[in-house]
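Asks: Okay, structure incoming, though there's no sequence with it:
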């Protein structure tokens, strides 16, 4: 017993306890006070993480990272102010890239806030959708690849194209299309057509995943699209409102290529602008039930979720301006948003969009935590660790 003389004193041990006979024992050690305990316990510094650092960013800085600004590949310097302001990405449009595109992009990203360069992306699918074939080489349409090439050949072709894109400063490809479609598009009625690898879900899954893997091997971030599957849609959402096949039908077919790609590590996915009958009454890109409920909760996907263009007719025709659609999309669970605009309007639409997101946080339509979560996904796709030593 602490504070007492050990052993037997007198006739029985209990006597020594009662009388305290023998040499007096040491005084009982007082219990430390809470203050003393706290001061004696070494302080533990919380581990650094992107999420912890992002929690210290202003709402406007977080909002800037969510936005991807459009620009012609022949005039990338025109969005220097937006990139300097912290835009999270730049999407290149055009059909023939200038030979000095890589140098122009290097100058552009040099204006970005230190350590957080934008994603530089474009649509390099092959066939009817190529932005820089003159730099990366001609790519057959997805349908032609699916009909004439082995999985190994598709993967190798995508790797070669990705290396060419990377050499030109492009870090993300908005491809492959995983929609299951056998129509005659792409056109105003059918958004897919030859952009789809096959009308067979298993073939589209295997070929699309091979293309995705090849892009990653070549150093470019692939974006699988258009979740949950536009094959067989009632129309082209670029033109106006449209619906996918019913949800129960998608679960048995159109959703399968996305599930396979997610299992293979797809780092990013693009959400369609179509309504999903049986699941959503809003376009998928602004539907919490689709993005949070299905993509995140049901399928467990933790990568970057991007929208298709929120300037599309599918949204404009039901009363959604770009800023309004952006707030709805981010609140629904999207991390990064795309829009298109005339060059003269890009600056104003960007500013309005960022302001709308900030106002959304102020009003409670979006939480700051949701923005932090979105930017965390963006930084993961960029491969940026804010805690790494400079």
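Replies: Yep, it's here. All of these numbers come straight from a predicted model, not from anything done at the bench.
Asks: All the strands of the stretch 251-390 of the chain, in order from the start?
Replies: Under the criterion DSSP state E, counting those that start in this stretch, the stretch 251-390 of the chain contains strands at 268-271, 304-309, 336-338.
Asks: Likewise for the stretch 51-200 of the chain?
Replies: So, for the stretch 51-200 of the chain - with DSSP E, counting those that start in this stretch - the strands run 68-72, 89-93, 119-122, 172-173.
Asks: Compare the strands of the stretch 251-390 of the chain and give me the one nearest residue 348.
Replies: For the strands of the stretch 251-390 of the chain, proximity to residue 348 was assessed by C-beta to C-beta; strand 336-338 is nearest, at 16.0 Å. (Glycine included, C-beta is placed from N, CA and C.)
Asks: Which other helices and strands does the closest one contact?
Replies: strand 68-72, strand 304-309, helix 322-332, helix 368-382 (3 or more C-beta pairs under 8 Å, 6 or more residues apart in numbering; DSSP states H and E).
Asks: and among those, the most buried is which?
Replies: strand 304-309 (a mean of 26; mean count of other C-beta atoms under 10 Å).
Asks: now it and strand 89-93, what's the angle there?
Replies: Between strand 304-309 and strand 89-93, the angle comes out at 40 degrees (axes from the mean of the first three to the mean of the last three C-alpha atoms, to 10 degrees).
Asks: Around the spatially closest residue to residue 68 that is not a sequence neighbour, count how many other residues there are.
Replies: The shortest distance from residue 68 to any non-neighbouring residue, by C-beta to C-beta, 6 or more residues apart in numbering, is to residue 89 (3.6 Å). Look at residue 89: counted by other C-beta atoms under 10 Å, it has 25 neighbours.
Asks: Contacts only, for residue 89.
Replies: Counting by C-beta atoms under 8 Å, 6 or more residues apart in numbering, residue 89 touches 67-69, 118-121, 172, 336.
Asks: Now rank these by neighbours and give me the top one.
Replies: residue 118 (29 neighbours).
Asks: Isn't that one up against residue 109?
Replies: Yes - the pair residue 118 / residue 109 is scored as a contact, 6.4 Å apart, by C-beta atoms under 8 Å.
Asks: Mutual contacts of the two, please.
Replies: Counting by C-beta under 8 Å, 6+ apart, the residues touching both residue 118 and residue 109 are residue 83.
Asks: Take the strands of the stretch 51-200 of the chain and write them to CSV, including distance to residue 250 and mean pLDDT.
Replies: Output for the strands of the stretch 51-200 of the chain, formatted as CSV (distance: least, C-beta to C-beta, whole Å; pLDDT from 0 to 100):
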stretch, distance to residue 250, mean pLDDT
strand 68-72, 26, 98
strand 89-93, 27, 98
strand 119-122, 26, 98
strand 172-173, 24, 98
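Asks: hmm, back to that, mind checking how far the residue nearest to residue 68 is from residue 122?
Replies: Separation of residue 89 from residue 122 (C-beta to C-beta, to the nearest Å): 11 Å.
Asks: who touches both of these two?
Replies: Shared contacts of residue 89 and residue 122, defined by C-beta under 8 Å, 6+ apart, are found at residue 172.
Asks: quick one: contacts for the residue nearest in space to the middle of the chain?
Replies: Nearest to the geometric centre of the chain sits residue 304, at 1.7 Å (C-alpha atoms, centre = their mean). By C-beta under 8 Å, 6+ apart, residue 304 lies in contact with 223, 267-269, 335-336, 377-378, 380-381.
Asks: cool, residue 213 as well?
Replies: Contact analysis of residue 213 by C-beta under 8 Å, 6+ apart lists 155, 158, 264.
Asks: Verify the contact between the first one and residue 206 for me.
Replies: No - counting by C-beta under 8 Å, residue 155 does not reach residue 206; the two are 10.6 Å apart.
Asks: Surely residue 66 and residue 373 touch.
Replies: No - under the contact definition of C-beta under 8 Å, residue 66 does not touch residue 373, with a separation of 10.9 Å.
Asks: Common neighbours of the two, please.
Replies: In contact with both residue 66 and residue 373: residue 335, using C-beta under 8 Å, 6+ apart.
Asks: coming back round to it: which of residue 155 and residue 206 has more neighbours?
Replies: A count of neighbours by other C-beta under 10 Å puts residue 155 above the other of residue 155 and residue 206, at 22 against 18.
Asks: nearest spatial neighbour of that one, skipping sequence neighbours?
Replies: Excluding its sequence neighbours, the residue lying closest to residue 155 (C-beta to C-beta, 6+ apart) is residue 214, at 4.0 Å.
Asks: ranges for the helices of the stretch 1-150 of the chain?
Replies: 13-19, 34-40, 50-54, 59-66, 80-84, 101-109, 133-136, 142-148 (DSSP state H, counting those that start in this stretch).
Asks: Now do the longest one: which elements does it pack against?
Replies: In other words, helix 101-109. Applying 3+ C-beta pairs under 8 Å, 6+ apart, one finds that helix 101-109 contacts helix 80-84, strand 119-122.
Asks: Burial check on the residue nearest to residue 155, number of neighbours?
Replies: Using other C-beta under 10 Å: residue 214 sits among 25 other residues.
Asks: Local confidence estimate at it?
Replies: Residue 214 carries a pLDDT value of 98.
Asks: And it, how far from residue 152?
Replies: Distance from residue 214 to residue 152, by C-beta to C-beta: 10 Å.
Asks: got it, and residue 325?
Replies: Residue 325 sits at a distance of 41 Å from residue 152 (criterion: C-beta to C-beta).
Asks: swap in residue 185?
Replies: Residue 185 sits at a distance of 28 Å from residue 152 (criterion: C-beta to C-beta).
Asks: same thing with residue 333?
Replies: Relative to residue 152, residue 333 is positioned 36 Å away (C-beta to C-beta).
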